[in-house]
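1. below are the sequence and a predicted model; questions follow.
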Amino acid sequence: MKIAREAELDLVEVSPGANPPVCRVMDFGKFIYEKTKKEREARKSQTKIEVKEIRLRPKTNEAHRGFKVDDARRWLGQGHKVRVTIKFRGREMDYPEIALEDLKEVAQALSDVAVIEVPPQMEGRTMLVVLAPAKPGAGKKKEKQDQAEVKSEA
């Protein structure tokens with residue numbers, strides 16, 4: 001305490017559980033300021049991933065689905081996840097295979113920019129699938145594997 005008073009700094013207990021307790025002489029206000037500054041910088045560098053949603057129906061035609069797929073492609077390019085939901089009404093619930101086929105077609109259309117994160121599943125009156133952006137190098141790797149398969153077949 002005497003050393004801290006002479007240096008006009010604070011005596012901070014670093015490890016109270018140690019035997020003997022460990023203390024440090026420092027400017028506590030400056031320490032707290034720098035700590036909050038580092039935390040703020042860390043928060044700035046974090047990216048928040050949004051989940052965008054596309055809503056379809058089992059009777060949605062190809063053209064409208066194409067517009068929705070284009071939107072999903074743009075969002076995946078921006079790094080967002082995309083949830084594709086198909087909502088059932090009335091007797092449409094009796095034919096979930098139609099919706100399953102639609103979801104597979106959407107996933108296939110976006111397979112170059114997305115991977116399936118959550119496979120197709122039913123939740124009440126909706127069937128959904130979640131697509132996540134593919135890693136940038138993943139497409140190239142797959143192309144190389146495809147080329148290797150073609151060469152091995154020849």
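-> Great, that's in hand. Numbers count the residues shown, from 1 in each chain.
2. so Ala107 sits right up against Ile116, yeah?
-> Yes: the criterion here is C-beta atoms under 8 Å, and Ala107 meets it with Ile116 at 5.6 Å. Backbone N, C-alpha and C define where each C-beta goes, glycine included.
3. which one of these two has more residues nearby?
-> Looking at Ala107 and Ile116 with other C-beta atoms under 10 Å, you find the greater number of neighbours at Ala107, namely 18 against 15.
4. just want the most central residue of the protein.
-> With distances taken as C-alpha atoms, centre = their mean, Ile49 lies nearest the centre of the chain, 4.9 Å away.
5. that one belongs to a helix?
-> No: assigned with DSSP: H, G, I helix; E, B strand; the rest coil, Ile49 falls outside any helix and is coil.
6. may I see the buried residues of the one helix or strand Arg73 maps to?
-> In this structure, Arg73 sits in helix 62-77 according to DSSP states H and E. For helix 62-77, the neighbour count (16 or more other C-beta atoms under 10 Å) marks 65, 68-69, 72-73, 75-76 as buried.
7. including pLDDT and distance to Val14, could the residues you listed go into CSV?
-> Below are these laid out as CSV (pLDDT from 0 to 100; distance: C-beta to C-beta, whole Å):
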residue, pLDDT, distance to Val14
Arg65, 88, 61
Lys68, 90, 57
Val69, 91, 57
Ala72, 91, 52
Arg73, 91, 53
Trp75, 89, 48
Leu76, 88, 47
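8. which parts of the chain are helices?
-> 2-7, 28-45, 62-77, 96-109, 138-153 (DSSP state H).
9. just name the most buried of the ones you listed.
-> Mean neighbour count (mean count of other C-beta atoms under 10 Å) peaks for helix 96-109 among the helices of the chain, with a mean of 16.
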